[in-house]
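Chemist: Make a model of this:
(chains A and B)
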Amino acid sequence: MDYLYDGSFSGLLTCIYHHYYTEKATGIFTKDSYQMNLLNDVMTVETQQDKADRVYDALEEKVSHYAVTCIYKTFLSSVPDKEMKILRFAVMAFRVGPGITLMHGNDVAEGVLGAVKAVGNETEKMRQFVRFAQLKGGIMYGRIEPDHDVTELLWHHFTERFSFQPFIIHDVGRDKALVAYGREWYITDFTDEDIPEYTEEEMDYQQLWKDYFDNIAIKQRINPACQRNNVPMKYRKHLVEFQRVK
Amino acid sequence: MGSSMDVIMDKLKILADSAKYDVSCSSSGVGRAGSGAIGSTTAAGLCHSWSADGRCISLLKVLFTNKCVYNCEYCVNRRENDFPRASFEPEELARLTIEFYRRNYIEGLFLSSAVEVSPDYTAERILKAISILRYEYRFTGYIHAKIIPGVSKELLHEIGLVADRLSINIEMPNSESLSMLAPQKKPEQIFAPMKQITNTLIERGALVGPGNMFKGQDINTPANMLGTDKLSYDNALVPFRKRRDGTAFAPAGQTTQMIIGAAGESDAQILTTSENLYKTFKMKRVYYSAYIPVVSSPKLPDIKGAPPLKREHRVYQADWLLRFYGFTVSELFRGPGDNLDPDLDPKVMWALRNLDFFPVEVNRASYDELMRVPGIGAVTARRILRARRMSSVGFDELKKMGVVLKRAKYFITCRGKYRGDRDFLPETIRSAMIGMEDGLQMSMFDSNWNLMEQGAAMEKLSESGVI
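Modeler: This is a model prediction of the structure:
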């Protein structure tokens, strides 16, 4: 039976519940992405928080907190068929226990562990590549366009670092943002219309940074391939130092 | 800032241009949650961009001034070199650092300097700039301060209390080349601050040492103290005790840098010097920079030659073997004039010279033995140990764990099976390896520094206790 869910994490956990107590899932899809076909039965799974909580608690108690973290990070990823990867992982986790997160050689475990790695890598890239600009009113604003939905994973690093500076990290592709001030933060819908103007000195600092960036390279060692390995082209769009036209 | 912005722009161009030959850009070695107004550091370090030469940009790397009273032959800032000069004001530099930092351009500041007036005069200005940053802006990000040889003990100590990492450039691998190329810098002047830093860290029970070299040993003992300070401790009436008085002194330790390829020394000599630095001062890292002719001098090698990047790469690989893989210089070289094999990774070179050590049975070998197998690194060695607790491992599992089998297969057996499918002779394995390095070489050459970054990732893991 194919499951359709609302795309939320609780919704996905509810699906895992039904896999055990209703009928086994052959595929899990979000409602808007599903293509009807004649081969499979379809069930729309209503998100139920109590059922989701039971699955969550069971995973945490019988497997490990880390396994739940892995499942959540996979949920944030954009890997294909992530829902079924998570379901298979959960089923196996209940069987083998916490050791599952070490089983890199196993395809089911690796389905989730690989996604965790990809999400972790991109989170690290975003820690490196968010570029803030100062808005009038003193808020710092940064645009990102990650493949995976890593915005909320950035809160700890940046709130710790900029505790006295309000900031917004805007995922342009998903129209959402991390908004933080002090140690408080939340995720909200956000679009380009919500951005106030930049301060006057902002452009000066961007220019200073570009000048610095150009000057720091040693001409005798120019190495574009290495630079491309470390700063993939897809991320350059939002990096001040790679903008050439004013 | 308005009109003064142009002035700062000019200064930044000049002083970044002069600083770029410093190699280190690492922001690793200290993890600190933000406790001031702005900033935090991550133990693993964080790069923010990569410049056109493929080197990572983590810190704002500038000279405080490039006005120099010295006349070192190899140095772009030498007194007789005719080119633009500038100096920052301490406040200007602090402000610039903060403005870059809050935009997430950088992890912090790497402040070096030419010697203006005298070492102490320059050190005082550096201290002023980083103090403004720490105490007025309450910046808790990363600060790496370069110590100028000849600076007074008191100033060095003050700088160490503000900065995270200190470094003194040893410049050349031996004293002859130093006296030839940097006659105004004396070895005593270079080693005195290195000693002082190590001793201060030992007093505070905070010396960590390079990579895994001293893992599991307590190196913060009076016996490890260097020079005259050691005497005073041995004779002290009060027993030696670890002191932790709240203010951290250079919590990310000290590093140094040397230029290779400028004075005709062998790789064995270079790495012997590094090994001595690691063993004596227990510094975190030695950086190497392929000699780049930026000034012409009759004492220097032909200025038309390209920088020996490949050699630098091999030296770095060997350096990693010293710090993380348990190798010693005497194992890697056959004599003081010996060089690394330019065509082979130094670990492969060692393996081919010591074939009696191989093949290693992966299901029985110790961690240290696994670490000597080409194609197996710290992460994969760990995984092997972990996996074989459950069941024995075969070639397929090794592959999934990330072992580079096309290299490793010549040196291992799995459950008694050998897959090298060639004669177990150095020459046959060597030619197979070179065949594969040829394909690899171009990419390695292109992404020279990327490989260093992977190494840096290893350092990350070790510093955060994963390895």
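Chemist: Which one of the residues in the stretch 151-300 of chain B is closest to chain A?
Modeler: B:I292 (5.2 Å; Cβ to the nearest Cβ). For every residue, glycine as well, the C-beta is placed using N, CA and C.
Chemist: so that residue touches B:P307, yeah?
Modeler: Yes - under the criterion of Cβ atoms under 8 Å, B:I292 is in contact with B:P307, at a separation of 4.7 Å.
Chemist: list the contacts for residue 134?
Modeler: In the absence of a named chain, this looks at chain A. A:140-141, A:198-199, A:201-202, A:205, B:102-103 (Cβ atoms under 8 Å, 6 or more residues apart in numbering or on different chains).
Chemist: Wait, chain B was what I had in mind.
Modeler: Under the criterion of Cβ under 8 Å, 6+ apart, the contact partners of B:R134 comprise B:36, B:140, B:143, B:162.
Chemist: 7 Å instead, please
Modeler: Shown here is B:R134, whose contacts under the criterion Cβ atoms under 7 Å, 6 or more residues apart in numbering or on different chains are B:V162.
Chemist: cool, B:Y291 as well?
Modeler: By Cβ under 7 Å, 6+ apart, the contact list for B:Y291 reads B:74, B:259-262, B:301, B:307-308.
Chemist: what about it, distance to B:I260?
Modeler: Look at B:Y291 and B:I260: by Cβ to Cβ, to the nearest Å, they are 6 Å apart.
Chemist: Overlap in contacts, those two.
Modeler: Counting by Cβ under 7 Å, 6+ apart, the contacts common to B:Y291 and B:I260 are B:P308.
Chemist: separation between the residue nearest to A:M103 when sequence neighbours are not counted and A:Y20?
Modeler: Of all residues beyond its chain neighbours, the one nearest A:M103 is A:A109 (4.0 Å), with distances taken as Cβ to Cβ, 6 or more residues apart in numbering or on different chains. When Cβ to Cβ is applied, the distance between A:A109 and A:Y20 equals 20 Å.
Chemist: Looking at those two, which is more packed in?
Modeler: Taking neighbours as other Cβ atoms under 10 Å in any protein chain shown, A:A109 and A:Y20 compare with A:A109 leading, 23 against 15.
Chemist: Out of the contacts of B:Y291, show me where the pLDDT dips lowest.
Modeler: Of all the contacts of B:Y291, the model is least confident about B:P301, whose pLDDT is 63.
Chemist: Show me how the record splits chain A into domains.
Modeler: Structural domains annotated on chain A: A:2-121, A:125-194, A:200-242, as defined by automatic domain parsing.
Chemist: With mean pLDDT as extra columns, can I get those domains in TSV?
Modeler: Conversion of those to TSV gives the following (pLDDT from 0 to 100):
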stretch	mean pLDDT
domain A:2-121	92
domain A:125-194	92
domain A:200-242	90
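Chemist: got the ones you listed as TSV, with distance to B:M371 columns?
Modeler: Putting these into TSV (distance: least, Cβ to Cβ, whole Å) gives the following:
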stretch	distance to B:M371
domain A:2-121	19
domain A:125-194	29
domain A:200-242	26
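Chemist: In chain B, which residue sits nearest chain A?
Modeler: B:G54 (2.9 Å).
Chemist: Can you say which helix or strand has that residue in it?
Modeler: Element membership of B:G54 [criterion: DSSP states H and E] is none; it lies in no helix or strand.
Chemist: what do B:I292 and B:P307 both touch?
Modeler: Applying Cβ under 7 Å, 6+ apart, one finds that B:I292 and B:P307 are jointly contacted by A:Q220.
Chemist: which one of the two has more residues nearby?
Modeler: Neighbours per residue (other Cβ under 10 Å) separate B:I292 from B:P307, with B:I292 holding more: 22 against 17.
Chemist: contacting residues around that one?
Modeler: Shown in contact with B:I292 (Cβ under 7 Å, 6+ apart): A:218, A:220, B:21, B:307.
Chemist: can you do 6 Å?
Modeler: Contacts here follow Cβ atoms under 6 Å, 6 or more residues apart in numbering or on different chains; on that basis B:I292 touches A:220, B:307.
Chemist: What's the nearest residue in chain A when you look at chain B?
Modeler: At 2.9 Å from chain B, A:C226 is the closest residue in chain A, using Cβ to the nearest Cβ.
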